[in-house]
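>>> From the sequence below, what's the structure:
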Amino acid sequence: MLVHIFRGPGRVFGFTADAAAANLPAKFSPWVPFKSVELNRDEPTPGVDPAACLDDIEKHGFHITDAHVRITDTVV
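The predicted structure is shown next:
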């Protein structure tokens, strides 16, 4: 899946399939485009657990990390 990564304040990053980041939580805005990557559940990706990321995107529409630690559940 093509995932767009956006940077929030500090070390917060948002991952979403939405290239405009319209579904990322306003709590951490402004969201600045960082990069886009192809995530596959079974392939290691530096800085993110691809399975957790894809699960969150499927369930919530986004995945949020702070210093590479998943914090999605604290913002939904």
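>>> Only C-alpha atoms from now on, for both contacts and neighbour counts.
Fine.
>>> need the strands for this protein, in chain order.
Remark: strands assigned in the chain by DSSP state E are 2-7, 12-16, 32-38, 62-66, 69-70.
>>> Just the pLDDT for H68.
Looking at H68, its pLDDT is 84.
>>> re earlier: tell me which of the strands of the chain is the most buried.
Ranked by mean neighbour count, the strands of the chain are led by strand 12-16 with a mean of 25 (mean count of other C-alpha atoms under 10 Å).
>>> can you list the residues that contact that one?
The list of residues contacting strand 12-16 from outside it, by C-alpha atoms under 8 Å, 6 or more residues apart in numbering, reads 3-8, 23-24, 28, 31, 53, 57, 61-67.
>>> what's the answer for stretch 50-63, then?
14-17, 23-24, 39-44, 70-72, 76.
>>> Out of those residues, which end up buried?
Using 16 or more other C-alpha atoms under 10 Å as the burial test, the contacts of stretch 50-63 include G14, F15, T16, A17, L24, L39, R70, T72 as buried.
>>> rewinding a little: and the furthest pair within the contacts of stretch 50-63?
E43 and V76 (26.6 Å; C-alpha to C-alpha).
>>> gap between the residue lying farthest from the centre of the chain and V12?
Distance from the C-alpha centroid of the chain, by C-alpha atoms, centre = their mean, peaks at D42 (17.3 Å). Separation of D42 from V12 (C-alpha to C-alpha, to the nearest Å): 24 Å.
>>> same question, D55
Distance from D55 to V12, by C-alpha to C-alpha: 18 Å.
>>> And I57, by the same measure?
16 Å.
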